[in-house]
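[1] got a structure for you, letters missing:
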């Protein structure tokens, strides 16, 4: 499925669409170049699913935890600074992935051999100043 966002308001519409497509738990992998809008989409998606906390990129901590208004746990990973898959093991990434919450992962390609095969892939591309959001492998 491909969704196109021309404006920031369109990103909120995309997030509402993703809310209908994505499961309440599991791993969602966000692929895209620097500045493509991964964090912006995740922030909007978190608002759409009821996260009341302020959502920010966990660039330095690698992971932020949020909770939805209904008590569901959401984990937001930014793996840009990850130097090796072993570093992900050190923060317990497999326990997060298997823990029953919703894991939203930016820069998943840095996971190497740890990248989950059953994750939902979201590819964001900037084409003519528009964000093309392609959702693959959803259950």
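    Thanks, I have it. This one's a predicted model, so the numbers in the text were calculated from it and none came from an experiment.

[2] mind checking the SS state of residue 95?
    Following DSSP: H, G, I helix; E, B strand; the rest coil, we place residue 95 in the helix state.

[3] any idea how far residue 115 is from it?
    16 Å (CB to CB, to the nearest Å). (Glycine included, C-beta is placed from N, CA and C.)

[4] which one's more surrounded, the two?
    Using other CB atoms under 10 Å as the criterion, residue 95 and residue 115 rank with residue 115 on top: 16 against 9.

[5] buried residues, stretch 106-123. List them.
    Within stretch 106-123, the residues that qualify as buried are 106-108, 110-111, 114-116, 119-122, counting by 16 or more other CB atoms under 10 Å.

[6] go on, stretch 44-52?
    44-46, 48-49, 51.

[7] mind showing which ranges of the protein have poor pLDDT?
    137-139 (pLDDT under 70).
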